[in-house]
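A.B. asks: Sequence plus the predicted model coming up.
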Amino acid sequence: MKKIIVIGGLSAGPSAAAKARRENEQAEIILFEKGANISYATCGMPYAFSGIIETRERLMVVKPELLKNRFNVDVHLNEEIIKIDSNIKKVYSNKGSYDYDVLIFATGARSIVPPIENIKLASNWSTCRSMKDFDKITNEGLIGSSKNITIIGAGLIGVEVAENLKHAGKNVTLIEGASHILNMWQKKFANFGENILNNEGISVLTNTLVSKFNINEEGKILSLQTKDGKTVPTDFVILSTGIKPNTDLLLAEGAEAIDNGALKVNDAMETSIPDVFAAGDNVSIKNLQSKDYDYFPLGTHSNKGGRTAGANAMGRDVKFGGAYKTAIIKVFDYTLARTGMNATTLAQKEIPYKTVLSVVGSTPGYYPGQKDLVSEIYFCPKTKEIFGAELFGEVGVDKRIDVLSTAIYANLKITDLAQLDLAYAPPFSPAKDPIVVTGYITENILNNRSDQISVEALETWFENDFNKDYLLIDARTEEEYKKGTIPGAVNYPLDSLRDNVESIKSLNKDIIVFCQKGLRGYLAELILRNNDIAKVLNVAGGFKVWQMYSDQIEMPETAIEI
C-alpha cells in the first residue's frame, strides 16, 4: 500500500491530500499541520476585520473532520515536522517518526519581521498571516480602546487590511518603504489607488521606513519613529512587510531553490529530490512569459499546485505550467488589476515595448451609472505580442483583466483584441467593449494615424521646459477648461479647432493635445494632422488620467494665452 505524507495544512496541502485520495482509494495518506487549524482563508482575514465576513468560523474552509471522514486522510494537528531524511524516506516530528513512499511538502511561508528597535520588547503588534495573528488582531487591535492602528507594508494584504480597518471605524495609517503602494503595479496606477485611500481618510506615508517602536514600561507601543524623524502615535501595529518561504527542512537535504529560498519545482511539482513534491507559497514555478523561475505566492497557484502534486504523487501525469502575475485588489469602491509584464519589468529586461492607454465607459453612456475604466496594455511593436496590462475602475475591471490574461496565455496579438466576440448588453458593456476600443486605438497607433504621450512622459517634459518646442492644446470646452487644466495649456475647443488651424500653424511648433479622456483629443489630432501639422501627440487618458496621476493643476486665469 502506497504511503503519502503531506506536510502543511493551509491550502496546497489539503488540496494535494484530497486529490491524492480521489486518485487512489487504497493509499495511506497522512497530513501534518504544526498548528491547530487547517485550510483557513488567509485572504479573507482583512474582510473579517470589518464584518464583511461575519464570523471567524466562516474563514475555516475545510475542517479536519471533513478531510478525515470524506477523504480518509489521517490529520495530525499540532504536530510539527522538524526533520526530513530523504535518503531513507523518513520524517521526524516532535512526537515521533514516519516512513513515506512519496512526500508532498506544502509548508507555505512565514511573515518577515523587520529589525525595528524595541520590536522584541513590544506586545501590541502582529503580523497578518495565521489564525493566531487573526485572533490577536481581533482581540487587541479591534477593541474599542485601539482607535489608531498603523499598518507597515502596503502590498495586497496591507492595503486590504487598511480599507477594512477603516470600515471598522479605526484611524488608519499605512506606511510603505517604497516610492508607492502596491509595487506590483506601475506608479501611475498605484497613485490612483493611493488617491482613493487618502480620500477615504487613510493616512498614507510612502518612502518611509520605521526605525523604532516607542514603548512604555509594560511594552505597549505608544508611537512609531520613522527614519526621517516622524512620530506616528498608535495603539496597535500590523506588519505586512513580505514573506519568506518555509523551506529549511528541504534546503538542508540539498533541494534546489531560488534566491529567496523558494523550492524549484517542475511542471509536475517535483522538487530536485526524488519522490518529493512541493506546492504552495514555499515553491518557485516557471513564469510562462520569461521562462525563468519566479515567485507567485497566491492562493490560486497554491491550490493548482497542490492538486497537481497530489495527482502525480499517485502516478498521474498532470501538468501545472506556471503563471504570469495576474492579480486584483479592491480599494473601497474601486478595483486595481494587472497581468503579465508591465513597463518596469520590460525595461529591466531590456525588452522593447509600446503602450496603449484608454479611458472608456464600462457600460453605455445612456445606461444609468456609467463608470470609466482605465486600461493600459504593454505590447511588442514588431510582433504585436501582448506583454501585460493594468486596469483601474469601479465596474467591470475583473472580467476585462481575465480577458487580457487569457489573451496572453493564448498568444493573441494586440491587434486581435478588436476581433473578440465579447458579451454585450447595456447593464454589462457598451456595444464596443473597452477591450475592443483599446484594439481600435492600437490599430490607429500602428497605422500612424495617432500617437500617444503618457502622463509620465508629459510630467518629465515639464522639467525640460517643453513649451519652447511644443504647444499644449486643451481641446475641451471652455466650461471644462475653466475648472482646471494641465499647466501651460491653451484652450482650443474641438468644435472650433478648424477655425484656428492657421494661427496654430503660424506658431511653427509641434503639438500636444488633450481632452477629458482621449477621444476628443484623437479627433483634434486628426484635424491637425490633416492640415499639415506633422507632429501631433495625444495625451493618453486625457485630463482625467492627468488629474488622477499628478497634483499639477492650473486654473485658466494663470494659463498661457495666445
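C.D. replies: In hand now; what should we look at? Numbering: from 1, shown residues only.

A.B. asks: the bottom helix or strand of this protein by mean pLDDT?
C.D. replies: Of the helices and strands making up the chain, the lowest-confidence element is helix 455-463, at a mean of 88, by mean pLDDT, DSSP states H and E.

A.B. asks: What lies in contact with the following helix or strand past that helix?
C.D. replies: Following the chain from helix 455-463 toward its C-terminal end, the next helix or strand by DSSP states H and E is strand 470-474. Defining contact as CB atoms under 8 Å, 6 or more residues apart in numbering, one finds that strand 470-474 is touched by 461, 466, 481, 485-486, 488-492, 504, 507, 509-515, 524, 543. Where you see a C-beta, it was placed from the backbone N, CA and C, and this is true even at glycine.

A.B. asks: partner strands of strand 470-474, parallel or antiparallel?
C.D. replies: strand 490-491 (parallel), strand 510-514 (parallel) (DSSP bridges).

A.B. asks: what's the closest of these to Asp133?
C.D. replies: Within the strands paired with strand 470-474, the stretch nearest Asp133 is strand 510-514; the backing value is 46.9 Å (CB to CB).

A.B. asks: and the angle from that closest one to helix 455-463?
C.D. replies: 130 degrees (axes from the mean of the first three to the mean of the last three CA atoms, to 10 degrees).

A.B. asks: where along the stretch 201-350 of the chain do the strands fall?
C.D. replies: 203-205, 210-215, 221-226, 231-233, 236-239, 243-245, 263-264, 276-278, 283-286, 293-294, 327-331, 334-340 (DSSP state E, counting those that start in this stretch).

A.B. asks: just checking, what packs against the first one?
C.D. replies: It stands for strand 203-205. strand 171-175, helix 187-199 (3 or more CB pairs under 8 Å, 6 or more residues apart in numbering; DSSP states H and E).

A.B. asks: The closest residue to Leu528 other than its chain neighbours bridge partners, please.
C.D. replies: Sequence neighbours aside, Val536 is the residue nearest to Leu528 in space, at 4.9 Å (criterion: CB to CB, 6 or more residues apart in numbering). The residues paired with Val536 through beta bridges, assigned by DSSP bridges, are Ile511.

A.B. asks: what about Val536, neighbour count?
C.D. replies: 22 (other CB atoms under 10 Å).

A.B. asks: Let's see the pLDDT reported for it.
C.D. replies: The predicted local confidence for Val536 comes out at a pLDDT of 96.

A.B. asks: Could you do Ala559 as well?
C.D. replies: 42.

A.B. asks: quick one on the thing from earlier: so which of the strands of the stretch 201-350 of the chain is the most surrounded?
C.D. replies: Mean neighbour count, computed with mean count of other CB atoms under 10 Å, is highest for strand 276-278 among those, reaching a mean of 29.

A.B. asks: Residues contacting it, please?
C.D. replies: For strand 276-278, the surrounding residues in contact (CB under 8 Å, 6+ apart) are 16, 86, 102-106, 250, 255, 263, 265, 268-271, 309, 312-313.

A.B. asks: do the same with stretch 513-530
C.D. replies: 357-360, 372, 441, 444, 449-451, 472-476, 480, 486, 489, 492, 494, 497-498, 501, 504, 511, 536-546.

A.B. asks: what's the helix or strand for Ser15?
C.D. replies: helix 12-23.

A.B. asks: no wait, Glu390
C.D. replies: Secondary structure assignment for Glu390, by DSSP H and E: strand 386-393.

A.B. asks: strands paired with that strand, and their directions?
C.D. replies: Looking at strand 386-393 with DSSP bridges, its paired strands and their directions are strand 334-340 (antiparallel), strand 372-379 (antiparallel).

A.B. asks: Dump the ones you listed to TSV, plus distance to Lys244 and mean pLDDT.
C.D. replies: As requested, the strands paired with strand 386-393 are arranged in TSV below (distance: least, CB to CB, whole Å; pLDDT from 0 to 100):
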stretch	distance to Lys244	mean pLDDT
strand 334-340	24	98
strand 372-379	30	98
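
A.B. asks: Among the ones you listed, which comes closest to Asp398?
C.D. replies: For Asp398, the closest of the strands paired with strand 386-393 is strand 334-340, at 6.6 Å, according to CB to CB.

A.B. asks: Just the angle for the closest one relative to helix 187-199, thanks.
C.D. replies: With the same axes, to 10 degrees defining the directions, strand 334-340 sits at 160 degrees from helix 187-199.

A.B. asks: Residues contacting strand 334-340, please?
C.D. replies: Defining contact as CB under 8 Å, 6+ apart, one finds that strand 334-340 is touched by 182, 184-185, 189-190, 192-193, 196, 289, 324-329, 378, 386-394, 397-398, 400-401, 404-405, 408.

A.B. asks: And those, which of them are buried?
C.D. replies: With neighbours counted using 16 or more other CB atoms under 10 Å, these contain these buried positions: 182, 184-185, 189-190, 192-193, 196, 289, 324-327, 329, 378, 386-393, 397, 400-401, 404-405, 408.

A.B. asks: Poorly predicted segments of the protein, please.
C.D. replies: 465-468, 557-562 (pLDDT under 70).

A.B. asks: Where is the longest helix in it?
C.D. replies: Longest helix in the chain by number of residues (criterion: DSSP state H): helix 299-313.

A.B. asks: which of the residues in it are buried?
C.D. replies: Judged by neighbour count (16+ other CB under 10 Å), helix 299-313 contains these buried residues: 299, 301-313.

A.B. asks: got it, and stretch 147-156?
C.D. replies: Buried residues in stretch 147-156, counting neighbours by 16+ other CB under 10 Å, are found at Ile149, Thr150, Ile151, Ile152, Gly153, Ala154, Gly155, Leu156.

A.B. asks: Next up, the contacts around the last one.
C.D. replies: Leu156 makes contact with Leu182, Met184, Ala327, Ile329 under the criterion CB under 8 Å, 6+ apart.

A.B. asks: What is the nearest of the residues you listed to Tyr47?
C.D. replies: Within the contacts of Leu156, distances to Tyr47 taken as CB to CB reach their minimum at Ile329, with 12.1 Å.

A.B. asks: wouldn't the closest one be in contact with Glu160 here?
C.D. replies: Yes. Applying CB atoms under 8 Å, one finds Ile329 in contact with Glu160, separated by 6.7 Å.

A.B. asks: partner residues bridging the residue nearest to Leu507 when sequence neighbours are not counted?
C.D. replies: Distances taken as CB to CB, 6+ apart put Leu471 closest to Leu507, at 5.8 Å, once the chain neighbours are dropped. In this entry, Leu471 is beta-bridged to Ile511, by DSSP bridges.

A.B. asks: isn't Cys128 right up against Ser111?
C.D. replies: Yes. The pair Cys128 and Ser111 qualifies as a contact (CB under 8 Å) at a distance of 7.5 Å.

A.B. asks: That's all I had, so thanks and see you.
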